[in-house]
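A.B. asks: Got a predicted structure here, sequence first:
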Amino acid sequence: MSDLDALVGRWRSQSAGAAGADADAAEAAREERLRAETADLRQRGLALDEAFLVALRRVRDLDALQAEIARERSPRRAAAGAGLGLILALAALAGLATRGAVWLLAPGGPLAPVADDGALLLRTFPLVVAPFLLAYLLWTRRPGRDAVVVIAAGYLLVALCAALFPFAPFGDTAVLAAIHAPVALWALVGVAYVATRRRPSDRIAFARFSGEVAVLLALIALGGGALLALMIGSFAVVGVEVSDGVLGWILALCVPGALLVATWLVDRRQSVAENIAPVLARVFTPLTALMLLALLVVVVTAGDLARADRELLIVMDLVLVLVLALSLYAVSARPPRSRVGLLDAAQLVMLIAAVAVDVVVLAAMLTRIAEFGFSANKTAALGLNILLLVHLAGHAALIARLLLGRAAPGALERWPSRWLPVYGVWAVIVVAVFPPLFGFM
């Protein structure tokens, strides 16, 4: 018997556990990894005892990582137990509720204000769908009482403000409420998703979950849109016109249903989005960095930023939000033990360019505010840009330290995870505080 066999035999006797075919197979796999790691380290010049201890540490670390992954995915196994029937029932109920809201709140409907031209329905649509999505996550995740109270209170606050405030139809505060209400409600979805877990990795997991749902929802929308167009075209060939009422029923049932089904598929890990997350990060990070650099050059050479079109500032804000989403997605797609590489350097370039663009946008906004005064739109945009500036600048600093070897990869999760609740709170403030603050105009 070789010295390595003796060491492995001693380790096997100390780690003997439960019997059974599965346990024996797992033990054999661990032993194979241990021997392979030891042989690799021996080839690098380590002594046998030292190589064995290092290999044993690596095997134990891998076991701990696999156990952690199993723990993370245990809620998804509970979600799988909920079954397709539950999500289809919730999707159908969400569709019927949406159709009912359209009938009640559309212009000319029984509950629609006389002067309303669809603004109330636009603000109400997310409020109708959110309870069914929250019900699914509450059923499968089983969060604690505190989380349920936060979700219920947050939903009631957003619902009452968005539905009952006396907005001017399509005024600034009405549009801001319609934009920020879904963000606030999705933050409540995050509370339900994270449930009783409070670690940074759990919040980053929700960011990845959100990205996967968005990708899958886009795929479902493309497929559904193509199918609907094919149906309308086929009926037109035989001289039958699909009425607006039929299309209304189809859209009312399918749009909420697509969101719930996409959520269920991602929760069960049956989507391809999980597999393409690293690919998306690698492809779009350098492309976005190049786009930001080009945008920065164009904006700086454009002249007087105070005279910049409002639409240009809005587009630049949308680009910054895209950078935020992409940076979160890149962090969530990063393997736990991955080394620093070109993707991190590309992220740093992207974030530095985004910070520069944000500074330019803030300068333009402050100039416009000094000249024209505050308004609901300017204040909301100013607050969002300040949040983005601090978040993206801090993220860029962390990646720079990581590239220099002065920070651990775990710091990349902790920093953005602290900001996710901040954006939810900001959305609630815009929905609940801005309308009365600016006179519902």
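C.D. replies: Looks like it arrived, so ask away. Just so it is clear, the model here is predicted, and its values are computed rather than measured. Residues are numbered from 1 along each chain as shown.
A.B. asks: Pick out the least confidently modelled helix or strand of this protein, by mean pLDDT.
C.D. replies: Here the helix or strand of the chain ranked lowest by mean pLDDT, DSSP states H and E is helix 3-14, holding a mean of 65.
A.B. asks: name the helices or strands packed onto the helix or strand hosting Leu295?
C.D. replies: Using DSSP states H and E, Leu295 sits in helix 273-300. When contacts are defined as 3 or more Cβ pairs under 8 Å, 6 or more residues apart in numbering; DSSP states H and E, helix 273-300 sits against helix 200-237, helix 310-332, helix 342-372. All C-beta spots, glycine's among them, are computed from the backbone N, C-alpha and C.
A.B. asks: Now do the second one against helix 342-372, angle only.
C.D. replies: Per axes from the mean of the first three to the mean of the last three Cα atoms, to 10 degrees, the angle that helix 310-332 makes with helix 342-372 is 150 degrees.
A.B. asks: rewinding a little: what mean pLDDT does the helix holding Leu295 have?
C.D. replies: Summarised as a single mean, pLDDT over helix 273-300 is 76.
A.B. asks: got it, and stretch 49-63?
C.D. replies: 75.
A.B. asks: That one: which residues count as buried?
C.D. replies: The neighbour-count check on stretch 49-63 (16 or more other Cβ atoms under 10 Å) flags 51-52, 54-56, 58-59 as buried.
A.B. asks: Quick check: the two most widely separated of these?
C.D. replies: Largest separation among the buried residues of stretch 49-63 by Cβ to Cβ: Ala51 and Val59, giving 12.4 Å.
A.B. asks: Are there residues contacting both of these two? Which ones?
C.D. replies: Overlap of the contact sets of Ala51 and Val59 (by Cβ atoms under 8 Å, 6 or more residues apart in numbering) consists of Glu37.
A.B. asks: related to what we said a few turns ago, export the helices and strands packed on helix 273-300 to a markdown table and tack on mean pLDDT?
C.D. replies: Listed next are the helices and strands packed on helix 273-300 as a markdown table, based on pLDDT from 0 to 100:
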| stretch | mean pLDDT |
| --- | --- |
| helix 200-237 | 82 |
| helix 310-332 | 82 |
| helix 342-372 | 86 |
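A.B. asks: Export those helices as a markdown table, with columns for mean neighbour count.
C.D. replies: Listed next are the helices and strands packed on helix 273-300 as a markdown table, based on neighbours: other Cβ atoms under 10 Å:
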| stretch | mean neighbour count |
| --- | --- |
| helix 200-237 | 16 |
| helix 310-332 | 19 |
| helix 342-372 | 19 |
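A.B. asks: Distance to Phe125 for these - can I get that in a markdown table?
C.D. replies: Below are the helices and strands packed on helix 273-300 laid out as a markdown table (distance: least, Cβ to Cβ, whole Å):
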| stretch | distance to Phe125 |
| --- | --- |
| helix 200-237 | 15 |
| helix 310-332 | 21 |
| helix 342-372 | 30 |
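A.B. asks: Okay, domains of the protein per the record?
C.D. replies: 3-65, 275-409 (automatic domain parsing).
A.B. asks: right, and the ones you listed - which one's nearest Ala427?
C.D. replies: Each of the domains of the chain has some distance to Ala427 by Cβ to Cβ; the shortest is domain 275-409, at 9.5 Å.
A.B. asks: what about Arg334, which SS state?
C.D. replies: coil (DSSP: H, G, I helix; E, B strand; the rest coil).
A.B. asks: about what we covered before: Val299: which of the helices and strands packed on helix 273-300 is closest?
C.D. replies: Using Cβ to Cβ, the helices and strands packed on helix 273-300 put helix 342-372 closest to Val299, at 5.5 Å.
A.B. asks: Now do the very next helix or strand once past that closest one: distance to the chain's middle.
C.D. replies: Using DSSP H and E, the helix or strand that follows helix 342-372 in sequence is helix 376-403. Distance, stretch centre to chain centre, for helix 376-403: 17 Å (Cα atoms, centre = their mean, to the nearest Å).
A.B. asks: Buried residues in helix 376-403, which are they?
C.D. replies: 376-382, 384-385, 387-389, 391-400, 402.
A.B. asks: With stretch 191-202 instead?
C.D. replies: Along stretch 191-202, these residues count as buried under the neighbour rule (16+ other Cβ under 10 Å): 191-195, 197, 200-202.
A.B. asks: can you give me phi and psi for Gly45?
C.D. replies: Per-residue torsions, Gly45: phi 110, psi 0 (degrees, to the nearest 10).
A.B. asks: Tell me how far it lies from Lys378.
C.D. replies: Distance, Gly45 to Lys378, using Cβ to Cβ, to the nearest Å: 64 Å.
A.B. asks: next one: Trp139
C.D. replies: Per Cβ to Cβ, Trp139 is found 42 Å from Lys378.
A.B. asks: again with Val261
C.D. replies: Using Cβ to Cβ, one gets 39 Å for the distance from Val261 to Lys378.
A.B. asks: how about the helices of the stretch 101-250 of the chain, start to end?
C.D. replies: 119-141, 145-164, 172-194, 200-237, 244-267 (DSSP state H, counting those that start in this stretch).
A.B. asks: got the buried residues for stretch 432-441?
C.D. replies: Burial within stretch 432-441, assessed by neighbour count using 16+ other Cβ under 10 Å, is assigned to 432, 434-435, 438, 440.
A.B. asks: from the residues you listed, which is closest to Leu348?
C.D. replies: The closest of those, once distances to Leu348 are taken by Cβ to Cβ, is Phe434, at 34.6 Å.
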